[in-house]
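S.K.: everything below, folded, please.
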Amino acid sequence: MQTGPNNALTDVPGLRVGHASLAGRGALSGTTVVVAPPDGAVAGVDLRGWTPGTRETDLLDPGRMVQRVHAVVLTGGSAYGLAAVDGVMARLEAEGCGFAVPGGVVPIVPAAAICDLGRGGDPGVHPDGSAGAPAFDAASTGPVAQGSVGAGIGAVAGGLKGGVGTASTVLDGGAVVAALVVVDSAGSGVDPATGTLRGARAGLPGEFPDEAVAEAGRSALLAAAATPPTADPATTLAVVATDLALDKAGCARLAAMGHDGLTRAIPAGHTGSDAGVIFGLSTAAGPAPGMLDLFVLHAVAADVVARAVAHALLAASTVGADSGSWPAYGDLAIRAVSD
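M.R.: Numbers count the residues shown, from 1 in each chain. From the prediction side, this is the model:
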């Protein structure tokens, strides 16, 4: 197996990804949007943990009438940030994309949020519709910016800086499965025994750099990775997508397999402090998978989520704000090797 050309969610034909970040003093939050093809994508969801903040996820139940979604929004700002959907819906409505109703269309845009309130210093600053619109406008089919961008700007992962990560795999036969994550977790993605990223174990040949950490810097890295968990709510968000044809129940199962990958990359990821919301998407441009193909799809879906978590932590940048500072894994690893 190999990665797609972007090693990103955008390797699934028809999907676009865009980010928008808040600016100004006290701001440390943003929004990421995954835009489906004009006729939408089949979707499912798997929610775990005690504290998920979501919008329109009930529509993804296989028993509901609506079959396709037109975008998925991942955002900071906790429940307040779900208002970013309004800007995305306005853009989709202007393009005529949505569920047909008398007199027009209603864009179907499920969403989930992380709780980064106050991490920039001002808890009153959070995404709204004015963040969703530019994220939609920025969406493209090309390489996806990772790390401290979009919904990952204010994300924290086990005492280190969290962020956005993505990865893809091209299956035998040409189908694609890919993931995009926003890593915001109480648990750590770092193996305390080695100082390496747990999710990198699922990496394809040559995907991750040498993660050896010099003994001189190991203690600094592990001290940051082992920051005691807090009671603050944390939620890791993800979208797992494929171009193979799945129904809503199949997309929900794809999302469930994504949780397997999340647990591999962030142990104890579904505790009282840690929630996880994973959306499964199918553009249905390809054939329906047979039983063996479905087995491979599910196995690889777990791997791409784990890889995306590792990419998020590697790409994150150390951030300092009025309310505190969070070192990035990549910065600490570079410092450790230089020491």
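
S.K.: what's the weakest-modelled helix or strand in the protein?
M.R.: helix 215-225 (a mean of 56; mean pLDDT, DSSP states H and E).

S.K.: quick check, L74 in contact with T32.
M.R.: Yes. Judged on Cβ atoms under 8 Å, L74 makes contact with T32 at a distance of 4.6 Å. From N, CA and C alone the C-beta is placed, and that goes for glycine too.

S.K.: mind listing what the closest residue to L313 other than its chain neighbours touches?
M.R.: Spatial nearest neighbour of L313, chain neighbours left out: Y329 (4.6 Å); criterion: Cβ to Cβ, 6 or more residues apart in numbering. By Cβ atoms under 8 Å, 6 or more residues apart in numbering, Y329 lies in contact with 160-161, 189-190, 197, 221, 225, 313-314, 316.

S.K.: pLDDT check: weakest of the residues you listed?
M.R.: Among those, A225 has the lowest pLDDT, at 57.

S.K.: what about the helices in the stretch 101-250 of the chain?
M.R.: Ranges of helices in the stretch 101-250 of the chain, per DSSP state H, counting those that start in this stretch, are 129-137, 215-225, 248-265.

S.K.: out of those helices, which gets the lowest mean score?
M.R.: helix 215-225 (a mean of 56).

S.K.: what helix or strand does V309 sit in?
M.R.: Element membership of V309 [criterion: DSSP states H and E] is helix 291-315.

S.K.: next structured bit after that helix?
M.R.: strand 319-321.

S.K.: how many residues are close by the closest residue to S140 other than its chain neighbours?
M.R.: Nearest residue to S140 in three dimensions, chain neighbours excluded: R16, at 5.6 Å (Cβ to Cβ, 6+ apart). Using other Cβ atoms under 10 Å, R16 has 19 other residues around it.

S.K.: I'd guessed R16 sits against V34; true?
M.R.: Yes. Contact criterion Cβ under 8 Å: R16 and V34 qualify, at 7.3 Å.

S.K.: what do the two both touch?
M.R.: Residues within reach of R16 and of V34 at once, by Cβ under 8 Å, 6+ apart, are A139.

S.K.: enumerate every residue touching D58.
M.R.: Going by Cβ under 8 Å, 6+ apart, the list of residues near D58 reads R64.

S.K.: wait, is it part of a helix?
M.R.: Yes. Looking at D58 with DSSP: H, G, I helix; E, B strand; the rest coil, it is inside a helix.

S.K.: and it, what's its pLDDT?
M.R.: At D58, pLDDT is 94.

S.K.: also A186?
M.R.: For A186, the predicted pLDDT is 86.

S.K.: now it. Its backbone dihedrals?
M.R.: phi -80, psi -40 (degrees, to the nearest 10).

S.K.: quick one: it from A234, how far?
M.R.: Plainly put, A186 is 5 Å away from A234 if you go by Cβ to Cβ, to the nearest Å.

S.K.: what of G330?
M.R.: 20 Å.

S.K.: tell me the mean pLDDT for stretch 83-90?
M.R.: Mean predicted lDDT for stretch 83-90 stands at 97.

S.K.: hmm, who's touching stretch 298-307?
M.R.: Under Cβ under 8 Å, 6+ apart, the answer for stretch 298-307 is 1, 165, 167-169, 171, 177-179, 181, 198-204, 207, 238, 240, 242, 253-254, 257-262, 264-265, 278.

S.K.: quick check on those: which are buried?
M.R.: 165, 167-169, 171, 177-179, 181, 198-200, 202-204, 238, 240, 242, 253-254, 257-262, 264-265, 278 (16 or more other Cβ atoms under 10 Å).

S.K.: residue ranges with poor pLDDT in the stretch 201-339 of the chain?
M.R.: Where the stretch 201-339 of the chain drops to pLDDT under 70, the residues are 210-231, 268-272, 322, 333-339.

S.K.: let's go with 50 and repeat that
M.R.: When residues are selected by pLDDT under 50, those of the stretch 201-339 of the chain lie in 214-216, 337-339.

S.K.: tell me which residues in stretch 17-32 are buried?
M.R.: Residues of stretch 17-32 classed as buried by neighbour count (16+ other Cβ under 10 Å): 17-22, 26-32.

S.K.: give me the residue at the spatial middle of the chain.
M.R.: The centroid of the chain falls nearest to V181 when counting by Cα atoms, centre = their mean (1.8 Å).

S.K.: which residues touch it?
M.R.: 164-166, 236-238, 262, 305, 308-309, 312.

S.K.: would CSV of these with distance to L294 be doable?
M.R.: Output for the contacts of V181, formatted as CSV (distance: Cβ to Cβ, whole Å):
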residue, distance to L294
V164, 28
G165, 25
T166, 23
T236, 25
L237, 25
A238, 20
L262, 20
V305, 17
A308, 21
V309, 24
A312, 27
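
S.K.: out of these, which comes closest to Y80?
M.R.: L237 (15.7 Å; Cβ to Cβ).

S.K.: hang on, isn't that closest one packed against A111?
M.R.: No. Using Cβ under 8 Å, L237 makes no contact with A111, being 9.3 Å away.

S.K.: overlap in contacts, these two.
M.R.: Contact with both L237 and A111 is made by residues L74, according to Cβ under 8 Å, 6+ apart.

S.K.: between the two, who's got more neighbours?
M.R.: Shown here are L237 and A111; by other Cβ under 10 Å, L237 has more neighbours (30 against 26).
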